[in-house]
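Trainee: just coords:
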DNA sequence: GAAGTATATGTCAAAAATGACATATTGTCA
DNA sequence: TGACAATATGTCATTTTTGACATATACTTC
């Protein structure tokens, strides 16, 4: 139970050394789902920085709030892939770009 | 108001001659979002048929119900991209495949 | 290190999505 | 045609997601 919470914390934040799956006891689908979410989250952050926007500004574009944008970029359990995609689109992500983001192999973060 | 209902009916089903956008009064993002949903919906149906499954069987795999699967394939407004993606993953869709589905240009249905 | 700005985290009421069920429609084949 | 299977549509109680707000933590620049 505590374990469940920790698991979500971890998986949501991308704190995994190797790939998400074998670190935690996840099914393939769950793992794929989370990795996808992580990719979208990173994609969003990248896109935002590329456009030199703050989370607050993105929030306006997306008609959401700064806190939710932060959660999106953190791939929080409380955000859906739906919202991530809508946000990416709102930032002007093209379809091919979206495809690339989703297809990309996922590299664990890196600052800046 | 009636108009809104009709609009949703239409957009949800993919009954558009050209592209979704100029037929209805949609913003670019809305249009892109809907087209994406349509692609995923078609992708799901394709995948299901490829695997020779009925909606009821897919429902089991996804832990949902036949009616919801039908709605997914119809790209109903009540289904999220989230659920579509989770279902595709449950049917064993690989990441590259997912990328292809999303990237594909969308061709309006065709029976069988 | 204070002041200012950006991002992160926690919480919650409202809104949207979900599974389930009933039922209607469509498709198939004898 | 009729009978049977598959898919579609409508509705609803429950669950999940959402925007918003408060507040905490992290970054900058002085």
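Mentor: Structure received. The structure presented is a predicted model; accordingly, all values stated were derived computationally and were not measured. Residues are numbered from 1 along each chain as shown, chains lettered A, B, ... in the order given.
Trainee: Centre-most residue in chain A?
Mentor: Centroid check for chain A by C-alpha atoms, centre = their mean gives residue A:41 as the closest residue, at 2.1 Å.
Trainee: Tell me who's in contact with that one.
Mentor: By C-beta atoms under 8 Å, 6 or more residues apart in numbering or on different chains, the contact set of residue A:41 is A:14, A:72, A:73, A:74, A:75, A:84. Any C-beta I mention is one placed from the backbone N, CA and C, and that applies to glycine too.
Trainee: Enumerate the residues of chain A near chain B.
Mentor: Counting by C-beta under 8 Å from any C-beta of the partner chain, the residues of chain A close to chain B are A:29, A:32-33, A:36, A:80-82, A:85-86, A:89-90, A:95-96, A:98-100, A:102-103.
Trainee: Now narrow the residues you listed to whatever sits close to DNA strand D.
Mentor: Checking the residues of chain A next to chain B against DNA strand D by C-beta under 7 Å from any atom of the strand, the ones in range are A:80, A:82.
Trainee: List only those of the residues of chain A next to chain B flagged as buried.
Mentor: Using 16 or more other C-beta atoms under 10 Å in any protein chain shown as the burial test, these include A:29, A:32-33, A:36, A:80-82, A:85-86, A:89-90, A:95, A:98-100, A:102-103 as buried.
Trainee: Just to be sure, which of these are found in helices?
Mentor: Per DSSP state H, helices hold the following members of these: A:29, A:32-33, A:36, A:81-82, A:85-86, A:89-90, A:95, A:98-100, A:102-103.
Trainee: of all the residues you listed, which comes closest to DNA strand D?
Mentor: residue A:82 (4.6 Å; C-beta to the nearest atom of the strand).
Trainee: With that, I have no additional questions.
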